[in-house]
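J.: next come a sequence and a model predicted from it.
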Amino acid sequence: MATGIDIGKAGIYLCRAQETPPTLWPVSPLSLAGDWWSPLEQAIPPGEIVALEPTGWHLSRPIVAVILRAGGRVLEVTHQAAAATRKDRLGREKSDEHDARALAIKALDAERGHPSAGMREIDNDDTGPLAIAIRLNIAARTRAMHDRVASLNRLGTIAHGLWPVLGAHVATYRRFIARDAVTPSEIVALWSQIAAGQEPCRFRGRAVATARNMAALCASAPPVSPVLRDVVAQIAGQINRDDLEIDHAAGQLEQLIHDPLIEPITAAWLSVPFASPYRVATLHGATRCRAPEFTADEFRAACGCHPVRQESGAYSASGEAKHGYRPAKAALHLWTMNMLSRDNAVARYFRQQKARKNRYAIHSARGKFSRILSALSRHPEPWADNPSERNHHANSNR
């Protein structure tokens, strides 16, 4: 038999495939409050194919764990595949019941030996916690960087109000603040001690001249109130804490991507020109550390690189999909731009598209690059930009 399950935060809907038309298949709601696992285990006989949509590790993990414990087989169906089946077989009405029926149809197709695109079987949850940890650290890094930029902007604005030269050279001003020289008068006093050899300089290169000029211009600045001084010190302290959080998240990501479960893929991706631990981490985050199980098109979609075409009557337009993991999309875009600065398969493909007057040449190049990265995940080996390598990736994407 085959069953479809629509998962929600408060409950799930179960639909078992029948011999009757799909619109008549009964759907049973099951609340996740109280003892929900016992009736679920009883409803799933050993060997049953259970189809569900990817709802995020937090929502689906308990359901998947119980199904596997009962001896069932879990089939993950993409949102697009489930939606297409619902519209084709059940009509345009969207409801939890119809979602469960559509998933039951996909499970029945798989049971009859007719699997389609957008379906994959989940046989374990080994990479689930790893994927969550990667995504959480990426989110922490992104949040800290956003907060850091906002704090730097606030510091620059207030510093300009203290004296314009401080706002014009915030990086140098932060070095003075780190040595407890916050106000213009304190900067003048500290530089006098440095010039007299009473304090170490701790400025290097061009920063020495900038600091000297800042101290000279601060000599004419008006006094600063203690309240405003404390505000500046607090903002500078927040920037320092943001820096520590960014460094901590980066260190965690570098450790996570070298987990034995994904180490071969990480090594292959890091061998690509302009690779970085963060960029590799976003790819693992986009694919939930299961990149080898993704087809090239699924990999592109997960990274937000799948093109969308709209047609209606005489209107026809192409654009970028709004779906996909945003950090991976942003990282992959910058990575592609870096690749274009050298002679490699991605850059050659970009030039070829430009020669054909393709308005979306950069998008096409990014899609090409995502296919190469997808192939490397399925056949982990060091990057080698040569004809045999290009043929290998081309064949592996078919």
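T.: Looks like it came in fine. Bear in mind that the values here come from a model prediction, so they are computed numbers and not experimental data. Residues are numbered from 1 along each chain as shown.

J.: who does whichever strand or helix holds Gly367 touch, helix- and strand-wise?
T.: In this assignment (DSSP states H and E), Gly367 forms part of helix 361-378. Counting contacts by 3 or more CB pairs under 8 Å, 6 or more residues apart in numbering; DSSP states H and E, helix 361-378 packs against helix 263-270, helix 296-302, helix 326-339, helix 345-355, helix 387-396. No exception for glycine: its C-beta is placed from N, CA and C like everyone else's.

J.: list the buried residues in the first one.
T.: Residues Ile265, Thr266, Ala267, Ala268, Trp269, Leu270 are the ones in helix 263-270 that count as buried (16 or more other CB atoms under 10 Å).

J.: what does that helix contact?
T.: For helix 263-270, the surrounding residues in contact (CB atoms under 8 Å, 6 or more residues apart in numbering) are 257-258, 275, 277, 279-280, 283-284, 291-292, 373, 376-377, 380-383.

J.: I'd like to know which elements the very next helix or strand once past that helix is packed against.
T.: On the C-terminal side of helix 263-270, the nearest following helix or strand under DSSP H and E is helix 277-286. Packed against helix 277-286, as judged by 3+ CB pairs under 8 Å, 6+ apart, are the following elements: helix 128-162, helix 226-256, helix 263-270, helix 326-339.

J.: between the ones you listed, which gets nearest to Ala83?
T.: For Ala83, the closest of the helices and strands packed on helix 277-286 is helix 326-339, at 21.1 Å, according to CB to CB.

J.: can you say which of the contacts of helix 263-270 are buried?
T.: By 16+ other CB under 10 Å, the contacts of helix 263-270 give 257, 275, 277, 279-280, 283-284, 291-292, 373, 376-377, 380, 383 as buried.

J.: now do the contacts for Met337.
T.: Counting by CB under 8 Å, 6+ apart, Met337 has contacts Ile362.

J.: and it, how far from Lys368?
T.: Using CB to CB, to the nearest Å, Met337 is found at 13 Å from Lys368.

J.: from Thr287, how far off is Gly304?
T.: 12 Å.

J.: these two: who's more crowded?
T.: Higher neighbour count among Gly304 and Thr287: Thr287, with 25 against 22, using other CB atoms under 10 Å.

J.: tell me which of the helices and strands packed on helix 361-378 is the most buried.
T.: Mean neighbour count (mean count of other CB atoms under 10 Å) peaks for helix 296-302 among the helices and strands packed on helix 361-378, with a mean of 22.

J.: that helix packs against which elements?
T.: helix 361-378.

J.: who's in contact with the residue nearest the centre of the chain?
T.: For the chain, Pro327 is the residue whose C-alpha lies nearest the centre (CA atoms, centre = their mean; 3.6 Å). Contact analysis of Pro327 by CB under 8 Å, 6+ apart lists Ile138, Thr142, Thr282, Gly285, Ala286.

J.: what sits closest to Asp147 if chain neighbours are left out?
T.: Leaving out its chain neighbours, the residue that sits closest to Asp147 by CB to CB, 6 or more residues apart in numbering is Asp242, at 5.3 Å.

J.: any idea how far Arg148 is from that neighbour?
T.: 4 Å.

J.: how about Gly8?
T.: For Gly8, the distance to Arg148 - CB to CB - is 37 Å.

J.: can you list the low-confidence ranges for this protein?
T.: Across the chain, the ranges flagged by pLDDT under 70 are 56-57, 124-125, 306-322, 386-398.

J.: and it, what are its domain boundaries?
T.: The chain breaks down into these domains under automatic domain parsing: 2-125, 131-254, 263-310+325-396.

J.: may I have the secondary structure class of Pro46?
T.: Following DSSP: H, G, I helix; E, B strand; the rest coil, Pro46 is assigned to coil.

J.: having no further points to raise, I will conclude here.
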